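Peer 1: A structural model of the following input is requested.
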Amino acid sequence: MAQSLDDARHAARDAYFEPVKAELLPLLSLLHSDADIRLDDTSLLPVALTRQGQEEEMDILSGGTAEQIAILTRLAFARLFARNGQS
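Peer 2: Down below sits the predicted model:
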């Protein structure tokens, strides 16, 4: 029973994560062409940025870079909601 609940939670998380990440990566590529982002699976907040093959935790990024990622993440959510007809 616990495994079934865990599997369902992971499936739901992935179904939510992937569209957000799909919206975020093109925005992120405007700043860093080869960047990737790792999102926390419980909060959906960015926890690490990968640039030029090097993963950097959010807490070591400069304030400006962290703010750029925060803004891009908000834009990604807004684009996702707008695409689904939500405000």
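Peer 1: so what's Leu24 up against?
Peer 2: By C-beta atoms under 8 Å, 6 or more residues apart in numbering, Leu24 lies in contact with Ile37, Leu72, Thr73, Ala76. Backbone N, C-alpha and C define where each C-beta goes, glycine included.
Peer 1: narrow those to those in strands?
Peer 2: Residues of the contacts of Leu24 located in strands (DSSP state E): Ile37.
Peer 1: any chance of a markdown table for the contacts of Leu24, columns distance to Gln86 and pLDDT?
Peer 2: Written out in a markdown table, the entries for the contacts of Leu24 read as follows (distance: C-beta to C-beta, whole Å; pLDDT from 0 to 100):
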| residue | distance to Gln86 | pLDDT |
| --- | --- | --- |
| Ile37 | 23 | 91 |
| Leu72 | 19 | 92 |
| Thr73 | 17 | 89 |
| Ala76 | 14 | 91 |
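Peer 1: buried subset of the contacts of Leu24?
Peer 2: Ile37, Leu72, Thr73, Ala76 (16 or more other C-beta atoms under 10 Å).
Peer 1: just the ones of the residues you listed in helices?
Peer 2: Leu72, Thr73, Ala76 (DSSP state H).
Peer 1: save those as a markdown table, and put in distance to Met58 too.
Peer 2: Formatted as a markdown table, those follow (distance: C-beta to C-beta, whole Å):
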| residue | distance to Met58 |
| --- | --- |
| Leu72 | 13 |
| Thr73 | 11 |
| Ala76 | 16 |
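Peer 1: just to revisit the earlier point, quick check, nearest of the buried ones among the contacts of Leu24 to Leu31?
Peer 2: Leu72 (7.7 Å; C-beta to C-beta).
Peer 1: check contacts around the closest one.
Peer 2: Leu24, Leu27, Leu28, Leu31.
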